[in-house]
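In: What follows is a predicted structure for the sequence shown.
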Amino acid sequence: MALRIDGKAVAAKVKARAAEETAALKERGIVPGLAVVIVGSDPASRVYVNNKKKACQETGIYSEEYALPEETTQEELLALVDRLNKKPKISGILVQSPLPKGLEESALVEAIDPQKDVDAFHPYNVGKLMQGRQIFLPCTPAGVIELLHSAGVEIAGKDCVVIGRSDIVGKPMAMLLMQNNGTVTVCHSRTRELSDICRRADILVSAVGKAGFVTGDMIKPGAAVIDVGMNRDENGKLCGDVVFAEAEKIAGCITPVPGGVGPMTIAMLMQNTVTAAKLQNGIGRN
Ligand SMILES: Nc1nc(=O)c2c([nH]1)NC[C@@H]1CN(c3ccc(C(=O)N[C@@H](CCC(=O)O)C(=O)O)cc3)C=[N+]21
């Protein structure tokens with residue numbers, strides 16, 4: 001049976017570290033602050049935003065929430081981002097996706113001051129990541145790396161396969177695995193012989209968004225299997241991309257959903273908010 005990686009426990013450690021740093025900053029009169037902007041009433045987004053708020057409270061980070069109606073215009077949002085860019089109390093800005101139709105996410109992300117872009121979605125930060133000179137780590141991929149470390153999984157020299165090529169997970173995940181000296185293959189909807197490629201992976205990261213996508217026969221015995229999927233099954237229950245019951249018989253270690261990557265995303269966001277506060281106050285990265 002595979003080792004089950006406890007994302008909640010690892011996230012608690014990351015948040016404790018962020019809380020310590022926050023306390024130390026407060027002694028110097030610096031309070032990290034996060035602004036979360038949510039538009040419309042997507043119920044999943046509501047849950048995530050509440051979790052982010054709770055994490056801020058746990059770590060001592062100041063937070064502001066802007067819950068705006070569905071009808072909010074692009075101009076109004078740009079004006080809000082501009083205000084938050086200039087607001088000293090706010091170290092980090094996050095615009096929760098997805099946005100209602102008619103709003104252009106990329107323009108909003110590009111309006112965020114790159115030094116406050118704690119999601120690391122701004123093209124400046126994406127470019128920095130490609131160069132291995134990032135100031136902010138992308139939250140979900142960075143959380144995956146932490147989970148691998150926590151399970152004692154060596155990345156250097158390993159065959160890593162990422163399923164999915166999104167801007168928020170697949171692409172930055174590949175970058176971070178590469179920075180950690182993994183040999184990385186990125187698969188997607190047009191990939192041929194997907195199962196064969198996956199079966200060669202020492203580290204398999206699935207970010208597809210389809211329940212049941214990764215079956216036991218796609219997993220190399222002893223592999224580390226990281227499930228980034230956030231789906232609902234036919235009973236409305238939260239589940240990942242991986243058929244967990246099959247995979248845990250074959251993998252060496254595996255993350256569950258819930259309780260795997262999700263809590264890590266939020267913990268890394270706290271870490272980035274602390275980093276942002278330091279940066280804006282002329283304190284170098286540790
Ligand atoms: N600008 C932006 N930044 C994001 O980081 C961002 C976003 N937009 N839009 C949506 C996705 C998704 N995401 C999750 C965060 C936490 C959990 C999480 O805490 N999951 C829990 C369960 C939560 C539940 O019960 O539904 C778990 O897996 O154990 C899940 C998903 C952040 N995202």
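Out: Thanks, I have it.
In: drop to CA atoms for contacts and neighbour counts, all remaining ones
Out: Noted.
In: Enumerate the residues of the stretch 1-150 of the chain near the ligand.
Out: Contact residues (Cα under 6 Å from any ligand atom) of the stretch 1-150 of the chain with the ligand: 48, 94-97, 119.
In: So which of these are in helices?
Out: Y48 (DSSP state H).
In: low-scoring pLDDT stretches of the stretch 151-286 of the chain, where are they?
Out: Low-confidence segments of the stretch 151-286 of the chain (pLDDT under 70): 285-286.
In: do that again at 80, thanks
Out: When residues are selected by pLDDT under 80, those of the stretch 151-286 of the chain lie in 284-286.
In: Quick check: the residue of the stretch 101-250 of the chain nearest the ligand.
Out: D119 (5.7 Å; Cα to the nearest ligand atom).
In: My read is that that residue contacts T140, right?
Out: No. Using Cα atoms under 8 Å, D119 is not in contact with T140, being 9.1 Å away.
In: the strands in the protein, which residues?
Out: 3-4, 33-39, 62-68, 92-95, 159-163, 183-187, 203-206, 224-227, 231-232, 238-239, 253-254 (DSSP state E).
In: nearest to A12, of those strands?
Out: strand 3-4 (16.3 Å; Cα to Cα).
In: tell me what the closest one is packed against?
Out: Where contact means 3 or more Cα pairs under 8 Å, 6 or more residues apart in numbering; DSSP states H and E, strand 3-4 is packed against strand 253-254.
In: can you list the residues that contact the strand it packs on?
Out: With contact meaning Cα atoms under 8 Å, 6 or more residues apart in numbering, strand 253-254 is reached by 2-5, 151, 222-227, 247-248.
In: Show me the strands paired with it, marking each as parallel or antiparallel.
Out: Using DSSP bridges, strand 253-254 pairs in its sheet with strand 3-4 (parallel), strand 224-227 (parallel).
In: Do it and the ligand come into contact?
Out: No. Strand 253-254 lies out of reach of the ligand by Cα under 6 Å from any ligand atom, never closer than 13.5 Å.
In: Excluding its own residues, what touches stretch 243-251? List them.
Out: Under the criterion Cα under 8 Å, 6+ apart, residues 1-3, 211-216, 219-225, 254, 256 lie in contact with stretch 243-251.
In: Please, where are all the helices along the stretch 101-250 of the chain?
Out: 105-111, 123-131, 139-150, 170-179, 194-199, 244-247 (DSSP state H, counting those that start in this stretch).
In: Ok, which of these comes nearest G33?
Out: When those are ranked by proximity to G33 (Cα to Cα), helix 139-150 comes first, at 16.8 Å.
In: Quick check: buried residues in the closest one?
Out: 139-148 (16 or more other Cα atoms under 10 Å).
In: Can you report how many residues lie near F244?
Out: 21 (other Cα atoms under 10 Å).
In: measure it to C160 for me?
Out: 19 Å (Cα to Cα, to the nearest Å).
In: just to revisit the earlier point, looking at neighbours, which among the contacts of strand 253-254 is most surrounded?
Out: Going by other Cα under 10 Å, V225 tops the contacts of strand 253-254 with 31 neighbours.
In: Can you pull the residues of the stretch 151-286 of the chain lying near the ligand?
Out: So the stretch 151-286 of the chain meets the ligand at 257-263, 265-266 (Cα under 6 Å from any ligand atom).
In: Quick check on these: which are buried?
Out: 257-263, 265-266.
In: Need those in CSV (columns: distance to G29).
Out: CSV is the format used below for these (distance: Cα to Cα, whole Å):
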residue, distance to G29
V257, 39
P258, 37
G259, 35
G260, 35
V261, 33
G262, 31
P263, 29
T265, 27
I266, 25
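In: tell me the domain ranges of the protein?
Out: 29-119, 139-258 (automatic domain parsing).
In: Now do the first one: distance from first to last residue.
Out: One end of domain 29-119 sits 25 Å from the other (Cα to Cα).
In: Okay then, goodbye and thanks.
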